[in-house]
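Novice: the sequence and its predicted three-dimensional model are supplied below.
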Amino acid sequence: MPRTITPAPWEELVTTALLGTDRRPTAGDGGAAGLLDAAALHTVRRRAGLRPAAPAARPEPAPVDRRPPLPPAARRRLAQLLADRSASAGSVGRRGTAPDLTELIPQWLATANQQGFRAPAALLPALLDAARARTDLRPQALTFAGPRGLWLAGLNPEWKFALRGSSGGSSLPGPTEPEAVTRLWEEGLFAERVALLGAVRAHDPVAALALLATTWTTERAEDRLMFLDSLRTGLSSVDEPFLEQALSDRSRNVRSTAAELLSALPESALAGRMASRALSCVSPDLTGDEASVAVEAPHECDAAMERDGVVAAPPSGRGERSWWLGQLVEATPLATWPARFGGRSAREIVGLPVADGWAEELHAAWCRATVRQRDPEWARALLGAPSLPPSNGPGTASLAERSKLLGILPSAERAGWVADFIAAHGLSEAFQLLGVCPTPWAGPLGRAVVDALDIARDAGSYPWSFSGVMGLAERCLNPAEADRLEVLTTTPDEPEDASPGANGYWSEAFQRLVSTLRLRAAMDSELTPAV
């Protein structure tokens, strides 16, 4: 005979479920089964009382993406890469000899974008999930996803990141449509306005600045900063009047960015003012028999210096005068110094002795100025010969700063410098330098890395300290090197002073390197149209 269930308030059922039916019996003493029956009855009653909701408006159809579809093999490969990303999330432990597919996604996306393929519609959700989880994937992933990806991102709040750096999938008005441009600028979302400003700027920089000026004083500080930062692309003397006005902005970050942009314009009035201040601090030392550099750091930071972007309060542990000096030299056009030092070249100026222990501060400021002004001659001078130990170099011992200087040089010269550095000093200090080298690594650089790894293995070095370089090699070595590296996959006898199990690890790592290079070669062939 069916059991009669007396409805109980939902809150009582929840309390019973939390405490347990042994401690709080249900109505009718039906135990756990009675609790579930009561919950089911409640659920049916609540659903039966619901009224149909009004249907929501259907979304607009997805835009057409006219790029060619992926070849079938490349489509299967993408599905494998994205599936492996989900399966390996959070995995830890020894990597084994199998390639790490998650690390190959950026390269796959870059190649697919170079070939101009469109993303398969069925894989767009997995692609957007991957880009949400990894910010390094986003630029290439969103380019590959195309207009359909942005359309889909607009339907799911978890993918809203895709709309921040784009126009949200909407078509921008043409720069020659002033009414539409003004309407979108005044009413559009922030991402749409950033994209619109860039489009107008590419067509007419003066018009873009005029558009920005119409709402500048009413924008939020963080938005003013973003708009100002967008002026880095195509920065020119046309921007100087606007940036000069921004030096008086109420936001310190906006003022600082405006000063930085102006100092990157060697002919700007700010660059001239900073050069005048720096020349009063740094000069040839005329007291000795040999040429040298004399330094007299500023004794105060006045209001005019602060308006031009000099931060008065130094970080903890820094002296005020050295802090001010560094900022002045950093913002001074590098072309100022040869005239100041009798026509000497950048290399000759950097090689001059600096009096009173100011060399480190002065050279570090010249390094920052070189990076800001993208000057290859000064970069070469401050890097010095790759055979010199970093601590004895002419510029800075900081590998992070050296990496920035290397980024200014042409690709081939950059790779050659790092190859010679590795040949002279090994890999222990080369990781950051390798990160700025063009990929795939050119022949000399690739050979220098592999030779240094082989030398480290033969020397019985602790293998895990080279795992970062080995990971870079998997992604950056030319895939054509795979056959040449096959000989390194064997496990030789370990020397007595080697770390226990080291050679087994080295063999495993080289096997993974070879298999990864072969997989990359296969990926490239799948994305390369048949001729």
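Specialist: Happy to help now that I have it.

Novice: contacts, neighbours, all on C-alpha from now
Specialist: Noted.

Novice: give the contact list for residue 415.
Specialist: 437, 438, 441, 442, 445 (Cα atoms under 8 Å, 6 or more residues apart in numbering).

Novice: and the pLDDT at the residue positioned nearest the centre of the chain?
Specialist: The centre of the chain sits closest to residue 136, judged by Cα atoms, centre = their mean, with a distance of 6.2 Å. Note for residue 136: predicted pLDDT of 90.

Novice: what do you get for residue 497?
Specialist: pLDDT, residue 497: 57.

Novice: what's the longest helix in the protein?
Specialist: Longest helix in the chain, counting residues (DSSP state H): helix 502-527.

Novice: do you know how far residue 433 is from residue 395?
Specialist: Residue 433 sits 15 Å away from residue 395, going by Cα to Cα, to the nearest Å.

Novice: so for these two, which sits in the more crowded spot?
Specialist: Set residue 433 next to residue 395 and count neighbours by other Cα atoms under 10 Å: residue 395 wins out with 28 against 25.

Novice: tell me the SS of that one?
Specialist: coil (DSSP: H, G, I helix; E, B strand; the rest coil).

Novice: grab the nearest non-local neighbour of it.
Specialist: Leaving aside its sequence neighbours, residue 395 sits nearest to residue 382 (Cα to Cα, 6 or more residues apart in numbering; 4.2 Å).

Novice: roughly how far does that neighbour sit from residue 314?
Specialist: For residue 382 relative to residue 314 (Cα to Cα), the value is 25 Å.

Novice: what about these two, which has more around it?
Specialist: residue 382 (25 against 13).

Novice: how about the strands of this protein, start to end?
Specialist: Applying DSSP state E to the chain gives strands spanning 282-284, 293-295.

Novice: which parts of the stretch 51-200 of the chain are helices?
Specialist: 72-87, 105-115, 124-133, 138-153, 161-164, 178-187, 190-203 (DSSP state H, counting those that start in this stretch).

Novice: and the second one, which residues are buried?
Specialist: Neighbour-count burial for helix 105-115, with 16 or more other Cα atoms under 10 Å as criterion, is recorded at 105, 106, 107, 108, 109, 110, 111, 112, 113.

Novice: run through who's touching that helix.
Specialist: Counting by Cα under 8 Å, 6+ apart, 81-82, 136-137, 140-141, 143-144, 475, 523-524, 527-528 sit against helix 105-115.

Novice: repeat that for the fourth one.
Specialist: Applying Cα under 8 Å, 6+ apart, the set of residues contacting helix 138-153 from outside is 62-65, 106, 109-110, 112-113, 117-119, 121, 124, 127-128, 131-132, 159-160, 162-163, 168-169.

Novice: ok, now the fifth one?
Specialist: Helix 161-164 is touched from outside by 132, 138, 142, 150, 153, 154, 168, 169, 190, 191, with contacts defined as Cα under 8 Å, 6+ apart.

Novice: try 10 Å
Specialist: 128, 131-132, 135, 138-139, 141-142, 149-154, 168-169, 189-192, 194-195 (Cα atoms under 10 Å, 6 or more residues apart in numbering).

Novice: poorly predicted segments of the stretch 301-450 of the chain, please.
Specialist: Residue ranges of the stretch 301-450 of the chain with pLDDT under 70: none are present.

Novice: buried residues in stretch 411-428, which are they?
Specialist: 414-423, 425-427.

Novice: so which of these is the closest to residue 15?
Specialist: Nearest to residue 15 among the buried residues of stretch 411-428 is residue 427, at 63.2 Å by Cα to Cα.

Novice: and the gap between the closest one and residue 453?
Specialist: Using Cα to Cα, we find residue 427 at a distance of 8 Å from residue 453.

Novice: okay, domains of this protein per the record?
Specialist: What automatic domain parsing lists as the domains of the chain is 10-47, 178-265, 266-409, 415-531.

Novice: dump these to JSON lines, plus distance to residue 97.
Specialist: JSON lines is the format used below for the domains of the chain (distance: least, Cα to Cα, whole Å):
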{"stretch": "domain 10-47", "distance to residue 97": "49"}
{"stretch": "domain 178-265", "distance to residue 97": "43"}
{"stretch": "domain 266-409", "distance to residue 97": "31"}
{"stretch": "domain 415-531", "distance to residue 97": "4"}
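
Novice: for residue 73, find the nearest of those domains.
Specialist: Short answer: domain 415-531, nearest of the domains of the chain by Cα to Cα, at 6.0 Å.

Novice: before we move on, back to that, could you single out the most deeply buried of the strands of the chain?
Specialist: Compared across the strands of the chain, strand 293-295 shows the largest average neighbour count, a mean of 20 (mean count of other Cα atoms under 10 Å).

Novice: and it, what does it pack against?
Specialist: strand 282-284, helix 359-373 (3 or more Cα pairs under 10 Å, 6 or more residues apart in numbering; DSSP states H and E).

Novice: now with 7 Å, please.
Specialist: strand 282-284 (3 or more Cα pairs under 7 Å, 6 or more residues apart in numbering; DSSP states H and E).

Novice: right, and residue 221 touches residue 250 too?
Specialist: No: using Cα atoms under 7 Å, residue 221 is not in contact with residue 250; the gap is 8.3 Å.

Novice: between these two, which one's more packed in?
Specialist: The residue with more neighbours, out of residue 221 and residue 250, is residue 221; 17 against 11, by other Cα under 10 Å.
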